[in-house]
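Chemist: here's my sequence, what's the structure:
(chains A, B and C)
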Amino acid sequence: MTANLELQNITRTFDDFTAIDNISLKIDAGEFIVLLGPSGCGKSTLLSIIGGFLTPTSGRVLIDGKDMTAVPPSIRPTTTMFQDYALFPHMTLRDNVAFGLRMRNVGRSERAAKAEGFLDMVGLKASAGRKPHELSGGQRQRVALARALAVDPDLLLLDEPLGALDMNLRRQMQDELKAIQKDIGTTFVHVTHDQEEAMAIADRIVVMNSGIIEDYGKPTDIYMYPRSIFAAGFMGEVNFVPGRVTAEHDNEYDVETVFGTTRLSTDSFTAGTPNVGDETTICIRPEQFRPASASDDANRTTLCQAEVVDGAFFGTHFRCHLKPENAPDLILVAHMPQSTQLKAGDRIDVLVNPSDIIAVPPVALAS
Amino acid sequence: MSSASIEKSETRKAWCFVAPALAWTVAFFVLPFAFMAAVSFASRVSRQTVYSWDLGNYINFFSKSYLLKGLFVSLEITLLVTVISVLLAYPLAWIIAERVPRRWQRAALILAILPFWTSYVVRSYSWLLVLSENGVINNLLLDIGIISEPLQIASSTTATVIGFVHFFVMLLTLTIYSNLIQLSPNYKRAAFDLGANAFQTFWHVILPLTLPGIMVGAFLTFVLCIGDYITPQILGGNNELVLPQIIMLQLGRRADIPTAAALSIVLMAVVTIAYLLCLRWLKMERT
Amino acid sequence: MRRQLSAVISWSYFVAIYGFIFLPVGVLVLFSFQDGNLPIPPFNGATWKWYAEVFADDKLTSALGNSLMVAFLSSLLACVLGFCAAYGLARYRLPGTAFQRVLLTAPMTVSYLIIALGLLVVFNWVGIRLSLWTVGIGHVVINLPLCFAIIYASMGDHQKNIERAARDLGASNLQIMILITAPILMPSILAAFFLSITFSWDEFIIAFLLSRFEVTLPVEIWSLLRSGLNPKTNAIGSVVFLISAVLLVLLEIFVFQGRSKDDS
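Modeler: Alright, predicted model coming up:
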């Protein structure tokens, strides 16, 4: 059916390498959670721990409030969709999907009927008698999904299932996964390194890096209000401007950068209220810039003057590199509106809305 | 040069590369085979080979009981050896693939192969030593007190079977092992995940997926075992002769090449039937 | 608890099977040092005298030399023929490629007894006398398919592109084959070569039927067997085992180990 998941202080080490470093996480029943991060960040390891294929070095895994840390995969109310699908090549699709039911001693005709029902759900009922090698990659993946869901798990774990598919198929499968999840209500935990995919399907995203959670929240929150430099950079292109908090006024703070002083509200400091004197890093997304000529927002203020280094039309926007006058080393990436016509050498005023800007703690220096 | 003549000279070059090997195979394999087939239709009459071009030798084979018996003994021993070897080899292959740490698996295999990297003749001789009346086995059993008189193991069909099993266990371990490690570890994980215990996973998933390895090994075992002369000759005693031994007998004492040739063709036919059955089975597996 | 039990069973089986595998060889080597006339228990004490006898025995030592020579030459020829054939079939489009492949690998599936018999018939008919040369011919017949199959299987597409690049830079076909293809394929060629030497080295039935006065070692050992159990046979058997084992270890270290590193 469905259940909530709680990870308490999970740590997992391999010899002298720490793959997961004291991670705690709460997931509600029925949520579609995405574990997002680059290769080696520990997301697959965490998934294996949730699924029972690895035990944590310390910490607890609670499903529906019950401690499942030491429970093996066969008894745990989770099923996993593996990256290579792992469909049993010598069995028909029907037998593959019915396998879990067979292990639960469901009778032959009943499990065949149930299996065909799940194959129908993924649109492959007509091929029930075929073998996996006769299908395409996308079709095999659906069978893997049907097989995992046939045993009615509380949690479905997906290990980068869409990685091997081409772009169109991937988009299509993302929509289908989302629809199926909404339909049956099982909690899905999905691992990927593709931030677009994460934003497309997740109810909430867990951004991971080097074994820790960098950020956790709804896609809009993570994109618009990331809580760390890593999260900001991983979710999309972003411009980082180092600065320092110089003064406090009520609910606003002055931040001093190469562009002068900018006043930001407390909300802009996503990692928590800053202190005067703190180092901080300003994050501005490329699409938040406007040239003076095309600004339609009265709240935009001039950030700086800049010279256009180069620009190219990208269909939905005009992407260009800007060299600020007072900070010629800090090349800014900007996504200007479609109709913008700029060429190299043009000097423009660069505008931005301060409430679009966020500030995060700078990256800690490696010790 | 025109493109047609470039192609022609390229093809000619290619033939130059392949021709020597082909020529050798035709001259020293195909031709002898054809000759032997031809000779099998002759017979030996007063120290001369007379070509009567009839199936005389083949009819002899089916009518003379001691000739036909050779085939049955061969089949019996070969099937027994194949079954026993598979049953002994599978667990070993499984242990090496699953229990031995990755780093040591290769060494374990090399170690298993090592004793077989000795002369075939020598190896059969060694078994003779081990199984003979005053050999190691008998001495051990006598000392422990399990038996009061030495067992007659050597010079019997049992000894032949032991000698064969000794070799083919190694061969089957290799084929089954290479099948096992090619399996994605996710098959096992998926099976566990869906609720199977260790035995169910093995029975429903692993075993069927290793059938190709078993079949290839079993086929090789069959072919090599049924055509072998040395092991039965050294270990087998004189009571039940296998077909290769009977073929050699025709050569040795009586210099009866026609009969030997006919018997060899029969042997080849049996192997070919096994080969076709194996292919058939493989095709079935595909669908 | 169950895991421990299964581990104990597994390791017991492992040890038992390995014991079974090594039993005959162990007995062979042990009793080659037997201070006594029969290579059977009890073991009286160690002596080198049987090895001394082996190396003093002219027939044995010449048979040893014959074996090595036949193995080396026949494997060399099998490798050259096999390499050329593999190169021709893999790099050029010829009619009937599939048929040629089957023909070239067919001898692998035929019992050596039958191959020997066939050659015997032909040699008798043509009038060629039996000798080590005829044995060599037979050994090439059984090793050529092996060499061809191994080398052909390793001529993949990525080498094709390297050869194309060489041709682009002006190399002739012969230069390509000698300077580019052969070195790249050296691991496979060496593997085929050493495997052929191993098969030829202890091959019995072809050597037995196709030789007359000069014989190879397995045939000589066979005649030794006629005289019953004798520690001298143990000694020469142990020598053969040692040489073969060294061959295997060399094969593993220089050919396969290198290969597996490249595969990663």
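Chemist: tell me how far the closest residue in space to C:S200 that isn't next to it in sequence lies from C:L77.
Modeler: Closest residue in space to C:S200, ignoring its immediate chain neighbours: C:A71 at 4.0 Å, by Cβ to Cβ, 6 or more residues apart in numbering or on different chains. C-betas here are computed from N, CA, C, even on glycine. Distance, C:A71 to C:L77, using Cβ to Cβ, to the nearest Å: 11 Å.
Chemist: between the two, who's got more neighbours?
Modeler: C:A71 (24 against 20; other Cβ atoms under 10 Å in any protein chain shown).
Chemist: quick one, what contacts the more buried one?
Modeler: C:A71 makes contacts with C:139, C:196-197, C:200-201, as judged by Cβ atoms under 8 Å, 6 or more residues apart in numbering or on different chains.
Chemist: now pLDDT, secondary structure and neighbour count too, for those residues, in TSV please.
Modeler: Shown next, in TSV, are those (pLDDT from 0 to 100; DSSP: H, G, I helix; E, B strand; the rest coil; neighbours: other Cβ atoms under 10 Å in any protein chain shown):
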residue	pLDDT	secondary structure	neighbour count
C:H139	95	helix	28
C:S196	89	helix	27
C:I197	88	helix	24
C:S200	89	helix	27
C:W201	85	helix	23
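Chemist: and the residue of chain A that's closest to chain C?
Modeler: Relative to chain C, the nearest point of chain A is A:P72 (11.7 Å; Cβ to the nearest Cβ).
Chemist: burial measure for the closest residue to that residue other than its chain neighbours, as a count.
Modeler: Closest residue in space to A:P72, ignoring its immediate chain neighbours: A:G52 at 5.6 Å, by Cβ to Cβ, 6+ apart. Neighbour count for A:G52, taken as other Cβ under 10 Å: 24.
Chemist: phi, psi for the residue of chain A closest to chain C please.
Modeler: Per-residue torsions, A:P72: phi -70, psi 160 (degrees, to the nearest 10).
Chemist: go on, A:L35?
Modeler: phi -90, psi 110.
Chemist: and it, what's its pLDDT?
Modeler: pLDDT for A:L35: 96.
Chemist: on that earlier part again, identify, from the contacts of C:A71, the entry nearest to A:L5.
Modeler: Nearest to A:L5 out of these is C:S196 (Cβ to Cβ; 60.2 Å).
Chemist: pretty sure that closest one contacts C:L81?
Modeler: No. Taking Cβ atoms under 8 Å as the definition, C:S196 is not a contact partner of C:L81, at 11.1 Å.
Chemist: what lies in contact with the longest helix seen in chain A?
Modeler: If you go by DSSP state H, chain A has its longest helix at helix A:167-184. Helix A:167-184 is contacted from outside by A:32, A:121-122, A:137-138, A:141-142, A:145, A:149, A:156, A:158, A:161-162, A:165, A:188, A:190, A:197, A:200-201, using Cβ under 8 Å, 6+ apart.
Chemist: if we can go back for a sec, state the helix or strand in which the residue nearest to C:S200 lies.
Modeler: helix C:58-91 (DSSP states H and E).
Chemist: give me the mean pLDDT for that helix.
Modeler: Here the average pLDDT along helix C:58-91 is 91.
Chemist: buried ones in that helix?
Modeler: Residues of helix C:58-91 classed as buried: C:60, C:63-64, C:66-68, C:70-75, C:77-91 (neighbour count, 16 or more other Cβ atoms under 10 Å in any protein chain shown).
Chemist: equivalent analysis for stretch A:69-83, please.
Modeler: So for stretch A:69-83, counting by 16+ other Cβ under 10 Å, buried means A:69, A:71, A:73-74, A:76-83.
Chemist: now it: average pLDDT?
Modeler: Mean predicted confidence for stretch A:69-83 is 92.
Chemist: how about stretch A:230-250?
Modeler: According to the model, stretch A:230-250 has a mean pLDDT of 90.
Chemist: who are the contact partners of A:T92?
Modeler: Contact analysis of A:T92 by Cβ under 8 Å, 6+ apart lists A:128-131.
Chemist: ramachandran coordinates for it?
Modeler: phi -70, psi 170.
Chemist: any low-confidence regions in the stretch 151-287 of chain B?
Modeler: B:285-287 (pLDDT under 70).
Chemist: get me the contact residues on it for chain C.
Modeler: B:166, B:169-170, B:223, B:226-230, B:234, B:244, B:247-248, B:251, B:257, B:260-261, B:264, B:267-268, B:271, B:275 (Cβ under 8 Å from any Cβ of the partner chain).
Chemist: in helices, which of the residues you listed appear?
Modeler: Among these, the ones falling in helices (DSSP H) are B:166, B:169-170, B:223, B:226, B:230, B:234, B:244, B:247-248, B:251, B:257, B:260-261, B:264, B:267-268, B:271, B:275.
Chemist: which of those are buried, as a PyMOL select command?
Modeler: Selection of buried members from those for PyMOL, criterion 16+ other Cβ under 10 Å:
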select buried, chain B and resi 166+169+170+223+226+230+234+244+247+248+251+257+260+261+264+267+268+271
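Chemist: and the strands in the stretch 101-250 of chain B?
Modeler: Here the stretch 101-250 of chain B has no strands by DSSP state E, counting those that start in this stretch.
Chemist: helices of chain C, start to end?
Modeler: Under the criterion DSSP H, helices of chain C are mapped to C:2-31, C:49-56, C:58-91, C:97-105, C:112-126, C:132-153, C:157-168, C:173-175, C:182-184, C:186-201, C:205-210, C:217-226, C:231-250, C:257-263.
Chemist: could you export the ones you listed as JSON lines, including distance to B:G195?
Modeler: Below are those laid out as JSON lines (distance: least, Cβ to Cβ, whole Å):
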{"stretch": "helix C:2-31", "distance to B:G195": "18"}
{"stretch": "helix C:49-56", "distance to B:G195": "62"}
{"stretch": "helix C:58-91", "distance to B:G195": "48"}
{"stretch": "helix C:97-105", "distance to B:G195": "46"}
{"stretch": "helix C:112-126", "distance to B:G195": "51"}
{"stretch": "helix C:132-153", "distance to B:G195": "41"}
{"stretch": "helix C:157-168", "distance to B:G195": "43"}
{"stretch": "helix C:173-175", "distance to B:G195": "61"}
{"stretch": "helix C:182-184", "distance to B:G195": "49"}
{"stretch": "helix C:186-201", "distance to B:G195": "45"}
{"stretch": "helix C:205-210", "distance to B:G195": "54"}
{"stretch": "helix C:217-226", "distance to B:G195": "56"}
{"stretch": "helix C:231-250", "distance to B:G195": "45"}
{"stretch": "helix C:257-263", "distance to B:G195": "36"}
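Chemist: ok, back up a step: ok, and which of the contacts of A:T92 reach chain B?
Modeler: Contacts with chain B within the contacts of A:T92, counted by Cβ under 8 Å from any Cβ: A:K131.
Chemist: which parts of chain B sit against chain A?
Modeler: Within chain B, the positions near chain A by Cβ under 8 Å from any Cβ are B:184, B:186-187, B:189-197, B:200, B:204-205, B:208-209, B:285, B:287.
Chemist: wait, does stretch C:140-149 contact chain B?
Modeler: Yes. Against chain B, stretch C:140-149 shows contacts by Cβ under 8 Å from any Cβ at C:140-141, C:144, C:148.
Chemist: closest one of these to A:E256?
Modeler: Of the residues of stretch C:140-149 next to chain B, the one sitting nearest to A:E256 (Cβ to Cβ) turns out to be C:F148, at 77.0 Å.
Chemist: so what's the residue lying closest to that closest one once chain neighbours are set aside up against?
Modeler: Residue nearest to C:F148 in three dimensions, not counting chain neighbours: C:G82, with 4.0 Å by Cβ to Cβ, 6+ apart. C:G82 makes contacts with B:21, C:143-148, C:150-151, C:192, as judged by Cβ under 8 Å, 6+ apart.
Chemist: distance between the top helix by length along chain B and the chain's centre?
Modeler: The single longest helix within chain B, with elements called by DSSP H, is helix B:65-98. Computed by Cα atoms, centre = their mean, to the nearest Å, the chain-centroid distance of helix B:65-98 equals 9 Å.
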